[in-house]
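[1] This is a predicted model, with the sequence first.
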Amino acid sequence: MGQSTMKKGILFTLLGATCWGLSGVLGEYLLNISKIDPVWIIANRLFFSGIVMVAMLFLKDKNNLVRVFSDKKDILKLLNFSFFGLLICQGTFFLTIKYTNAGMATVIQYIGPVIIMLYYCVIGRRWPLPREVIAIVVSLFGTVLIATHFDFSKLNISTLGLFWGLLSAFGLASYNIFSISLTTKYGVMPIMAWGLLFSGIVVYFLTGSYYIPDNFKLIDLICMSGVILVGTILSFSTYLEGVRLIGAVTGSIIGCFEPIAAIMFSFLLLGTTFGTIDLIGAGFILSAVIVLSKR
């Protein structure tokens, strides 16, 4: 791999992670400052991201986009990924933001890789390797640290925030596990586009989210556009291009910049502050991901 390819890959991966981090903060503004219904945000994000991504891929390579529909089993897998992977992952993430903040929600979601590892240990009927045990312990320690600040008489994070955050980590795990066979066969972008569109159509119409919220201001429109265009389409496109250039292992380590970006944007744009213990806890959770990434 040439040095310029490596630099380009790192830059794209960092950009993708930064866009995800910014998306969470824009979502936090909509949820906690503009007080917009989280269901409306989730439904519109999925629906419009799906429409834009399918349209882009249709213009770029129509044949590859529709290839997944040639196999009935894969259509079922795609629906499974849409509703039990993508929808749970995205929906619970925004609910976590509502009850905590973007930085905290992103950090808690990073327990997901540890859950993925445990899943593969269970289905492979094997005990975790020593470094995997270290990752589990470190991740649990970081979570306990954030939740309690070592004062076990009370939680330092809202109970609902912790509940949705842990569910979001499970959502991240299921989203990754359900997508593997499909993305290996058809590529990530077509599966992502259809997954967003299918879950988006169902949630958008079932929840009646085809309305403009009361007191919906220009700043809210800018934030929502940012969540869709920057936080979903640009983030996935640049991150996956970066991973293609530098590989999944390096990509997943650089991807750990996402919660750091979310914490920085939270502080710079919304004035959210994080205690030293919260940042130490975040460091422990992220180090678990880095330990798991090393082969």
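    Thanks, I have the structure now.
[2] Could you pull out the buried residues of the helix or strand of the chain with the lowest mean pLDDT?
    For the chain, counting by mean pLDDT, DSSP states H and E, helix 248-254 ranks last in confidence among helices and strands (a mean of 76). Buried positions in helix 248-254, judged by neighbour count with 16 or more other Cβ atoms under 10 Å: 250, 251, 252, 253, 254. For every residue, glycine as well, the C-beta is placed using N, CA and C.
[3] ok, now stretch 160-180?
    By neighbour count on 16+ other Cβ under 10 Å, the buried set for stretch 160-180 is 161-162, 164-179.
[4] quick one: contacts of that stretch?
    Stretch 160-180 is contacted from outside by 77, 80-81, 84-86, 88-93, 95-96, 98-100, 104-105, 108-113, 115-116, 119, 147, 155, 157, 188, 191, 195, using Cβ atoms under 8 Å, 6 or more residues apart in numbering.
[5] Let's see that with 6 Å instead.
    The contact list for stretch 160-180 (Cβ atoms under 6 Å, 6 or more residues apart in numbering) reads 80-81, 84-86, 88-89, 92-93, 95-96, 99-100, 108-109, 111-112, 115-116, 147.
[6] Now go through these and say which are in helices.
    When the contacts of stretch 160-180 are checked against helices (DSSP state H), the matches are 80, 88-89, 92-93, 95-96, 99, 108-109, 112, 115-116, 147.
[7] Neighbour-wise, give me the winner out of those residues.
    residue 96 (32 neighbours; other Cβ atoms under 10 Å).
[8] Which helix or which strand is home to the nearest residue to it once chain neighbours are set aside?
    Distance criterion Cβ to Cβ, 6 or more residues apart in numbering; nearest residue to residue 96, sequence neighbours excluded, is residue 105 at 3.8 Å. Element membership for residue 105, per DSSP states H and E: helix 102-109.
[9] tell me the mean pLDDT over that helix?
    Taken as a whole, helix 102-109 has an average pLDDT of 90.
[10] which residues make contact with it from outside it?
    24-25, 28, 93, 96-97, 165, 168-169, 172, 258-259, 262-263, 266, 282, 285.
[11] show me where pLDDT drops low in this structure?
    Scanning the chain for pLDDT under 70 picks out 1, 249, 294-295.
[12] Buried residues of the helix or strand encompassing residue 62, list them for me.
    Following DSSP H and E, one finds residue 62 within helix 38-66. Neighbour-count burial for helix 38-66, counted by 16+ other Cβ under 10 Å, picks out 38-54, 57, 65.
[13] about what we covered before: helices or strands next to the least confident helix or strand of the chain in the packing?
    Secondary-structure packing of helix 248-254 (3 or more Cβ pairs under 6 Å, 6 or more residues apart in numbering; DSSP states H and E): helix 3-28, helix 276-293.
[14] Flag every buried residue along the longest one.
    Residues of helix 3-28 classed as buried under the neighbour-count rule (16+ other Cβ under 10 Å) are 9-28.
[15] And the shortest one, by the same measure?
    Residues 278, 281-289, 291-293 are the ones in helix 276-293 that count as buried (16+ other Cβ under 10 Å).
[16] For residue 229, grab the count of nearby residues.
    Count around residue 229 with other Cβ under 10 Å applied: 16.
[17] Correction: the previous question concerned residue 270.
    So residue 270, with other Cβ under 10 Å, has 17 neighbours.
[18] ok so, going back, among the buried residues of stretch 160-180, which are in helices?
    161-162, 164-179.
[19] so who does residue 88 touch?
    residue 171.
[20] which SS class is residue 189?
    State at residue 189, reduced to three classes by DSSP: H, G, I helix; E, B strand; the rest coil: helix.
[21] Quick check: it vs residue 155, distance?
    Computed with Cβ to Cβ, to the nearest Å, the distance linking residue 189 and residue 155 is 40 Å.
[22] Nearest to residue 214 among the ones in helices among the contacts of stretch 160-180?
    Minimum distance to residue 214 across these is 20.7 Å, recorded for residue 95 (Cβ to Cβ).
[23] who's in contact with the closest one?
    Contact analysis of residue 95 by Cβ under 6 Å, 6+ apart lists 38, 164.
[24] ok, it to residue 143 distance?
    Separation of residue 95 from residue 143 (Cβ to Cβ): 18 Å.
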